[in-house]
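> sequence unknown, structure follows:
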Ligand SMILES: Nc1nc2c(ncn2[C@@H]2O[C@H](COP(=O)(O)OP(=O)(O)OP(=O)(O)O)[C@@H](O)[C@H]2O)c(=O)[nH]1
Ligand SMILES: [Mg+2]
């Protein structure tokens with residue numbers, strides 16, 4: 001499988017360039033004040049034929065390392081629960097409770113256990129079998145939602161509105177996506193729609209500089225975000241940008257104010273392009289566990305969310321929530337974040353994720 005190009009299909013534009021990874025160059029300092037990785041070595045013109053293998057290993061190792069806390073919590077309890085034990089009703093009930101405790105959600109946990117019951121009931125299973133069978137059940141839930149973000153440059157530009165509560169990783173995700181698509185040769189623009197906080201505008205501006213993205217800043221702090229988005233999209237059209245990523249404020253003083261602001265942005269950009277925004281990406285922080293489920297409900301009421309990005313799967317013991325999200329909403333999960341470096345934002349691969357969650361290779 002080509003791991004490099006499943007970030008997003010590009011349609012209607014020039015063919016996507018391969019984006020070689022540089023596992024050997026992954027030592028940027030942790031992001032602090034200026035949350036930026038050092039620019040990496042430019043992509044090699046012709047990746048060596050063996051480049052695929054290290055890339056896969058590098059990414060999967062990072063995913064597994066990122067998920068390790070979730071994995072430890074989940075697999076240890078599952079294995080100790082079922083070790084040398086026949087799979088009877090009581091064992092399966094306990095398994096269901098364990099999965100719920102690991103943030104997989106009630107519906108998904110039930111579904112996984114039912115699948116497990118069909119194939120294994122009454123049997124004694126080895127630890128490895130348990131993990132592999134659970135990973136298969138989890139992958140079956142995740143597969144339908146593992147869909148790349150589809151960017152169509154012919155939309156000139158494809159507009160992605162990025163929403164989510166504050167601190168989930170919206171700005172960082174915009175920066176990482178922007179860099180990825182810029183490396184593929186797209187002309188990218190960032191809109192600093194979180195206009196109230198000067199620091200938020202600066203953060204995005206720094207990223208724009210590093211990514212050579214066109215940057216659209218508010219005229220003054222607290223300027224109308226919708227007006228800014230309107231101007232940015234008009235200019236982006238005139239300048240022939242391919243992709244416009246619009247940042248938004250995570251928190252206004254209350255929910256209805258936030259809803260009003262987001263709806264106004266959408267209303268206003270539709271005056272420039274009726275089909276925009278082409279994607280509404282909701283960014284969720286995995287460390288919040290079940291709270292992420294609640295956030296999807298709230299944002300779905302506000303705007304037409306088209307897909308999810310789940311960040312901070314590293315350092316979270318709550319990676320299982322991705323399974324709950326998939327089961328409950330069926331929304332595409334486009335990308336996952338397993339660290340602060342640019343290459344730590346990755347396409348969501350169902351099987352890798354399911355196996356990583358169960359601690360399998
Ligand atoms: N460990 C880890 N940190 C992340 C990840 N994604 C984002 N972060 C960090 O989370 C913090 C918040 O990220 P931002 O991108 O500023 O979040 P935001 O949603 O824009 O926040 P507001 O603008 O305050 O609403 C930053 O310190 C990021 O570096 C990730 O996948 N893993
Ligand atoms: Mg932000």
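Nice, thanks for sending it over. All of these numbers come straight from a predicted model, not from anything done at the bench. Ligands and ions are numbered 1, 2, ... in the order given.
> from here on, contacts and neighbour counts on C-alpha atoms
OK.
> ok, the nearest residue to residue 145 once chain neighbours are set aside to ligand 1 distance?
Among residues not flanking residue 145 along the chain, residue 332 sits closest, at 4.3 Å (CA to CA, 6 or more residues apart in numbering). Per CA to the nearest ligand atom, to the nearest Å, residue 332 is found 18 Å from ligand 1.
> number of nearby residues for residue 332?
Residues lying near residue 332 (other CA atoms under 10 Å) number 23.
> nearest spatial neighbour of residue 327, skipping sequence neighbours?
In space, residue 327 is closest to residue 108, 5.7 Å off (CA to CA, 6+ apart).
> quickly find the element holding that neighbour.
helix 106-120 (DSSP states H and E).
> who touches that helix?
For helix 106-120, contacts defined as CA atoms under 8 Å, 6 or more residues apart in numbering pick out 87, 92, 95-97, 99-100, 133-134, 137-138, 141, 323-324, 327-328.
> near ligand 1, which residues of the chain?
31, 35, 165-172, 200, 249-250, 311-312, 314, 337-340 (CA under 6 Å from any ligand atom).
> in helices only, show me these.
Using DSSP state H, 170, 171, 172, 200 are the members of those that sit in helices.
> in CSV: these, plus pLDDT and neighbour count.
Shown next, in CSV, are those (pLDDT from 0 to 100; neighbours: other CA atoms under 10 Å):
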residue, pLDDT, neighbour count
170, 96, 26
171, 94, 28
172, 94, 23
200, 88, 17
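> picking up where we left off before, now, of the contacts of helix 106-120, which are buried?
87, 92, 95-97, 99-100, 133-134, 137-138, 141, 323-324, 327 (16 or more other CA atoms under 10 Å).
> and which of these is nearest residue 187?
Of all the buried ones among the contacts of helix 106-120, residue 187 sits closest to residue 323, with 34.2 Å by CA to CA.
> contacting residues for that closest one?
Counted by CA under 8 Å, 6+ apart, residue 323 has contacts 104, 105, 108, 138, 141, 142.
> may I see those residues organised as TSV, with pLDDT added?
Listed next are the contacts of residue 323 as TSV, based on pLDDT from 0 to 100:
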residue	pLDDT
104	94
105	94
108	96
138	96
141	97
142	98
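> ok, which pair from these is furthest apart?
105 and 142 (13.4 Å).
> which strands and helices sit next to the helix or strand hosting residue 141?
If you go by DSSP H and E, residue 141 is part of helix 127-142. Judged by 3 or more CA pairs under 8 Å, 6 or more residues apart in numbering; DSSP states H and E, helix 127-142 is in contact with helix 52-82, helix 106-120, helix 321-329, helix 350-357.
> report the angle between the axes of that helix and helix 350-357?
Angle, helix 127-142 to helix 350-357, by axes from the mean of the first three to the mean of the last three CA atoms, to 10 degrees: 140 degrees.
> quick one: buried residues of whichever helix or strand comes after helix 127-142?
Next helix or strand after helix 127-142 toward the C-terminus (DSSP H and E): strand 158-163. Within strand 158-163, the residues scored as buried using 16+ other CA under 10 Å are 158, 159, 160, 161, 162, 163.
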